[in-house]
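>>> Attaching a predicted model along with its sequence, questions to come.
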Amino acid sequence: MRIFILALLFVAAYSPSMPVLAAEAAAAAADDDFSDFDDEFGEEAMQAAGTSKVFDPLRGYNRAMFHFNDKFYFWFAKPLARGYNFIVPKPARKSVNMAFHNLRFPIRFVGSLFQLKFKRVGVETGRFLVNSTIGIGGLFDPAKRWLKWERPGDEDLGQVLAHYGVGDGFPIVLPFLGPSNLRDGLSIVPAIFLNPVIYVADTPTSLAVTTGEQFNFISLHLGEYESMKKDALDPYTFMRDAYKQNREKRIRE
């Protein structure tokens with residue numbers, strides 16, 4: 001879940017050890033809230049909560065990290081995003097979001113190409129060329145407005161691995177990044193090298209740009225996480241299974 005990536009980049013730049021320490025600090029609180037849920041209520045309650053029994057060998061760690069991410073969002077990311085919303089008008093934030101999306105063209109290109117989705121390769125390439133020039137670096141979307149080239153769904157390297165039969169493994173909650181799985185988590189590493197920013201800027205600048213991208217994204221999606229969480233009997237299992245179902249849908253498409 002992208003709402004937590006801002007903190008990952010910020011903390012990585014200034015205190016590499018902090019995610020580990022924060023996870024350990026959150027573990028005790030998370031255990032108090034959730035450690036007995038599955039044992040006490042069992043599969044019947046899981047089904048009542050709208051979730052299914054899945055292989056989750058890192059359940060204890062995952063619950064602790066979910067709890068930490070949840071608190072970080074409400075105590076840090078959300079208040080800052082609200083302040084940013086107050087300062088920067090929504091049309092400007094949407095244009096910035098489009099520019100960053102345009103910058104991520106190499107990931108979508110490679111993801112589509114390796115899955116042999118040649119039509120998407122053509123659409124992505126055409127949109128990138130038009131929006132990077134006429135659209136002033138992607139701040140605007142003339143490819144859609146004038147040429148009717150709709151933005152296709154994002155393709156990533158996790159979907160490429162799934163296309164060639166690699167299973168999702170088991171759930172993993174990443175520090176600040178939220179729900180994922182073994183396959184998708186590992187695919188983040190090569191995706192970093194498809195980010196063009198790292199080849200034209202030094203590490204601090206690259207971090208600042210990527211952090212700005214994700215923080216801007218958070219500001220445009222405030223309230224969505226709260227809406228998903230509020231009616232869940234067990235927020236951890238709900239979010240875990242929602243991520244799994246969403247990924248399976250995207251892979252089928």
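Arrived safely, thanks for sending. As the structure is a prediction and not an experimental result, all values here were calculated from the model.

>>> What ranges does the stretch 1-150 of the chain have for its helices?
5-14, 18-34, 37-48, 59-72, 78-87, 90-103, 105-114, 118-133, 142-145 (DSSP state H, counting those that start in this stretch).

>>> What of the stretch 151-253 of the chain?
Under DSSP H, counting those that start in this stretch, the stretch 151-253 of the chain gives helices at 157-163, 182-192, 197-200, 203-219, 224-229, 235-252.

>>> and the angle for the fourth one with helix 182-192?
Relative orientation of helix 203-219 with respect to helix 182-192: 130 degrees, computed using axes from the mean of the first three to the mean of the last three CA atoms, to 10 degrees.

>>> What are the buried residues along helix 203-219?
206-211, 213-219 (16 or more other CB atoms under 10 Å). Just so you know, the C-beta spots here come from the backbone N, C-alpha and C atoms, and that holds for glycine as well.

>>> Present the residues you listed as TSV; the columns should include pLDDT and distance to residue 161.
Formatted as TSV, those follow (pLDDT from 0 to 100; distance: CB to CB, whole Å):
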residue	pLDDT	distance to residue 161
206	89	25
207	86	26
208	87	30
209	88	27
210	83	23
211	80	27
213	89	24
214	83	23
215	87	28
216	94	28
217	93	24
218	92	27
219	95	31
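
>>> Please produce a markdown table containing those, extended by distance to residue 74.
A markdown table is the format used below for the buried residues of helix 203-219 (distance: CB to CB, whole Å):
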| residue | distance to residue 74 |
| --- | --- |
| 206 | 28 |
| 207 | 24 |
| 208 | 24 |
| 209 | 26 |
| 210 | 23 |
| 211 | 19 |
| 213 | 22 |
| 214 | 17 |
| 215 | 16 |
| 216 | 19 |
| 217 | 17 |
| 218 | 12 |
| 219 | 15 |
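
>>> what's the closest of those residues to residue 225?
residue 218 (9.5 Å; CB to CB).
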